[in-house]
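Participant: Following is a predicted model, sequence given first.
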Amino acid sequence: MYIYSIDFYKTAQEAYGDMNIDLSKPGEGSDLKEPTVDGVSYDKLTAPDEDATIKLWFDHMTEKLYRTDVTATDLNTYVIHMAGNSIENCQFFLAPDSDRSLTVSLSDFTDGKGHTLRAKLLREHYVNVNGNLLPDALPPADGAVAVKGGQSQGFVVKVWAEPNQAAGLYAATLNVTDASTGKIVKTATVYVLVYDFSLSDETALRTAIGMGDWAIVSSYQNKGMNDYEYWDLYKIYYDFLLENRLCAYRLPYRLDDGRVADYLSNPRVNSFVINKISDNEEQAYSILKDNPDWLKKGFYYYVDEPTNTELLNNLAAAGNRLSSTFPGYRQVSPFFTNMNLEEQDQIEFMKSYVNIWCTKPFAFTPRDKYMIPGTQYMTTSAQDKKYGTFAERMAALAKEGHETWMYVCWEPGQPYTNWLALGDGTEPLVSIWQCKMTDSTGMLYWESTWWTSDPLNDLTPLIGAASHGDGVLFYSGALIGSYEPISSHRLENVRMGIQDYQLLTMLEELAGPEAADEMVAMVTTDVVTYTSDDDYLKAVRVLLLEKVAEAMK
């Protein structure tokens, strides 16, 4: 493994004070850089039939370039840093002076000692949003790709490291071929540095992702593709999310189906909605009660976003019933308001029936940041004075065994992070770091398959002028005649954030909470203060890997 100069300090400000990092504005003005790696050639390579009229450059996965952006970075290669049992990515771009038809290919990643890595090339598909062509869907990079002169075409290198993958430096050759002549016109080397430790299959951050079974199945029926039974097809998509450390609400099988045990016992499955796979609360309890590991993963989700007394009463009715049918039940009810009721506020009312507190990021907005344009709040000054701030109340409830989760949908917009198509590419990843910052142990997303009739070319927002992509986190493979789901630019960055959360949890366990807190503070200090500097964010992510590796010695 490769460890660079690492020093431990009492505070992040002490550690990085000489780098001019203002921790009130993470990443701004910092000269923290990704370290160079021994054995990597950073020089630009020359292809057998080099074509100077085509630009080739690399960039971080968090960078999101419009198709009209042809400004190249100075990255002639890329080094992906990763732990075992993880998936990482990088991007590269091609920009020809004139219209061209190009193919891309990647050799095996090998360390020269007989070890290899699984990898896949993906092509960035562009969708027109408000007149701008931005990347989202990531179908396989098969066959020739037409690239217009004066435009760019992005590609993604996606790499898998297996559990206990042999540590060291791996390399693969990337070739770009002119489809009309068969000549290799561009070439480069891509590297992967694998660290000498692996992430566990257990993921500390619970995820709860809406995924419509009928949306998936109907997308294939509309294409006349019927090779799989209904739930077998859903299972393919469930497994795809699971590979990316995301759990859909609904397991592929009913709770009384013996096949569900394989999922309930799968360490990657850390959440499921019980009422999605069982209509009988007593029966569900009888199945789950004797297996604590299964029991802690399940929760009830009956009432969504209670914004009036009727919905709150429905929530109370569900809680009162569950107290007898499912002792020790866990219930979530995502909410974004805190109404004043006759004798208490909404949070005090919900305390008797909810033990998973799921709110939008703005619930954590500090009072001193309310003057920033676009900031929102959920509790009033009077409520804070009477009960404590939202963060203080959640901390107190956590001591009683409650959990705090976050969720995003069509809002919030800037200055908050979200998973929307128009947002900066760093936002999905940083949103997960903010879960760690706020001691949130879960992330909920209402729907991932709210596809239009032409999802690859239509991300029309459901609500709000800038909410393109809300409810769409990946795409049906039926659109390209495949039973494999099509990932998205945003999903890849969400997964990388979840892996970072796991690394932060490991660092916390190995070196103490302060060590993890200092790393988080380099990326985000509150829900409206965070870095969007791609180079800096990559350097911090590498530093996190280095610190975990050092702490494991």
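Facilitator: Done, it's in.
Participant: Quick check: end-to-end length of stretch 355-369?
Facilitator: One end of stretch 355-369 to the other measures 28 Å (C-alpha to C-alpha, to the nearest Å).
Participant: now that stretch, how far from the chain's geometric center?
Facilitator: 20 Å (C-alpha atoms, centre = their mean, to the nearest Å).
Participant: Equivalent analysis for stretch 202-209, please.
Facilitator: Centre to centre, stretch against its chain (C-alpha atoms, centre = their mean), the figure for stretch 202-209 is 11 Å.
Participant: quick one: terminal-to-terminal distance for that stretch?
Facilitator: Per C-alpha to C-alpha, the first residue of stretch 202-209 is 17 Å away from its last.
Participant: same check, this time on stretch 87-103
Facilitator: End-to-end for stretch 87-103, by C-alpha to C-alpha: 24 Å.
Participant: Stretch 293-302 too?
Facilitator: 22 Å.
Participant: Give me the mean pLDDT for it.
Facilitator: Averaged across stretch 293-302, pLDDT comes to 97.
Participant: Okay, buried residues for that stretch please.
Facilitator: Going by neighbour count (16 or more other C-beta atoms under 10 Å), the buried part of stretch 293-302 is 294-295, 297-302. All C-beta atoms are positioned from the backbone trio N, CA, C, and that covers glycine.
Participant: between the residues you listed, which is closest to Thr460?
Facilitator: Tyr301 (27.0 Å; C-beta to C-beta).
Participant: Tell me the spacing between the closest residue in space to that closest one that isn't next to it in sequence and Met211.
Facilitator: Once flanking residues are discounted, Tyr301 sits nearest to Val273: 4.8 Å by C-beta to C-beta, 6 or more residues apart in numbering. To Met211, Val273 is 11 Å away according to C-beta to C-beta, to the nearest Å.
Participant: Quickly list what's touching both of these two.
Facilitator: Residues touching both Val273 and Met211 comprise 249-250, with contact defined as C-beta atoms under 8 Å, 6 or more residues apart in numbering.
Participant: Name the next helix or strand downstream of the helix or strand of the chain with the lowest mean pLDDT, please.
Facilitator: None of the helices or strands of the chain scores lower by mean pLDDT, DSSP states H and E than helix 12-16, at a mean of 36. The helix or strand immediately downstream of helix 12-16 is strand 54-59, counting by DSSP states H and E.
Participant: List just the nearest of the buried residues of stretch 293-302 to Asp178.
Facilitator: Nearest member of the buried residues of stretch 293-302 to Asp178, counting by C-beta to C-beta, is Lys297, at 51.8 Å.
Participant: so what's that closest one up against?
Facilitator: 264, 269-272.
Participant: Most neighbours out of these, which is it?
Facilitator: Ser271 (25 neighbours; other C-beta atoms under 10 Å).
Participant: Chain neighbours aside, what residue packs nearest to it?
Facilitator: Arg206 (4.5 Å).
Participant: cool, and Met339?
Facilitator: Met339 sits nearest to Gln346 (C-beta to C-beta, 6+ apart), 4.5 Å away.
Participant: tally of neighbours for that neighbour?
Facilitator: Neighbours around Gln346, by other C-beta under 10 Å: 20.
Participant: List the residues that contact it.
Facilitator: The contact partners of Gln346, by C-beta under 8 Å, 6+ apart, come to 306, 312, 335, 337-340.
Participant: Weed out the non-buried ones from those.
Facilitator: Members of those classed as buried by 16+ other C-beta under 10 Å are 306, 312, 335, 338.
Participant: tell me the phi and psi of the closest residue to Pro334 other than its chain neighbours?
Facilitator: Excluding the flanking residues, the one nearest Pro334 by C-beta to C-beta, 6+ apart is Cys358, at 4.3 Å. Per-residue torsions, Cys358: phi -120, psi 110 (degrees, to the nearest 10).
Participant: residue closest to the middle of this protein?
Facilitator: Centrality entry for the chain: nearest residue to the mean C-alpha point is Val494, 0.9 Å, by C-alpha atoms, centre = their mean.
Participant: Please tell me how far that residue sits from Ser381.
Facilitator: From Val494 across to Ser381, the span is 34 Å (C-beta to C-beta).
Participant: coming back round to it: same list, the buried residues of stretch 293-302, but as TSV with distance to Ala395 and secondary structure please.
Facilitator: Below are the buried residues of stretch 293-302 laid out as TSV (distance: C-beta to C-beta, whole Å; DSSP: H, G, I helix; E, B strand; the rest coil):
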residue	distance to Ala395	secondary structure
Trp294	28	helix
Leu295	25	helix
Lys297	24	coil
Gly298	25	strand
Phe299	21	strand
Tyr300	24	strand
Tyr301	24	coil
Tyr302	26	coil
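Participant: now those as CSV including distance to Gln502?
Facilitator: Output for the buried residues of stretch 293-302, formatted as CSV (distance: C-beta to C-beta, whole Å):
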residue, distance to Gln502
Trp294, 21
Leu295, 23
Lys297, 17
Gly298, 22
Phe299, 21
Tyr300, 26
Tyr301, 24
Tyr302, 30
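Participant: from those, which is closest to Pro415?
Facilitator: Tyr301 (29.1 Å).
Participant: quick one: contacts for the closest one?
Facilitator: Tyr301 touches 208, 249, 273, 275-276, 331-333, counting by C-beta under 8 Å, 6+ apart.
Participant: Could you work out the most separated pair of the residues you listed?
Facilitator: Lys276 and Ser333 (15.2 Å).
Participant: Counting neighbours, go ahead and name the busier of the two.
Facilitator: Ser333 (23 against 18).
Participant: one step back: and the contacts of Lys297, which of them are in strands?
Facilitator: With strands taken from DSSP state E, the overlap with those comprises Phe272.
Participant: quick one: which of the contacts of Lys297 is nearest to Gln376?
Facilitator: Distances from Gln376 to the contacts of Lys297, taken by C-beta to C-beta, are shortest for Ser271, at 26.6 Å.
Participant: what about the longest strand in the protein?
Facilitator: Under DSSP E, the chain gives strand 184-198 as its longest strand.
Participant: Neighbouring strands of that one in the sheet, and parallel or not?
Facilitator: Strand 184-198 has its sheet partners listed here by DSSP bridges as strand 78-84 (parallel), strand 168-178 (antiparallel).
Participant: how much does the shortest one deviate in direction from strand 54-59?
Facilitator: Spelled out, that is strand 78-84. Angle, strand 78-84 to strand 54-59, by axes from the mean of the first three to the mean of the last three C-alpha atoms, to 10 degrees: 30 degrees.
Participant: just to revisit the earlier point, Tyr475: which of the contacts of Gln346 is nearest?
Facilitator: Phe335 (30.0 Å).
Participant: need the contact list for that closest one.
Facilitator: 305-307, 346, 350, 358-359.
Participant: What is the distance between the lengthiest helix in the chain and the centre of its chain?
Facilitator: In the chain, taking DSSP state H as the definition, the longest helix is helix 489-511. Offset of helix 489-511 from its chain centre (C-alpha atoms, centre = their mean): 9 Å.
Participant: Quick check: buried residues in it?
Facilitator: 489-508, 511.
Participant: check which helix or strand covers the residue lying closest to Leu311 once chain neighbours are set aside.
Facilitator: What sits nearest to Leu311 in space, not counting adjacent residues and going by C-beta to C-beta, 6+ apart, is Val303, at 5.6 Å. Assigned by DSSP H and E, Val303 falls within no helix or strand.
Participant: So Val303 is in contact with Ala318, correct?
Facilitator: Yes: Val303 is within contact range of Ala318, at 6.5 Å (criterion: C-beta atoms under 8 Å).
Participant: Tell me who's in contact with Gly84.
Facilitator: 161-165, 167, 194-195, 197-199.
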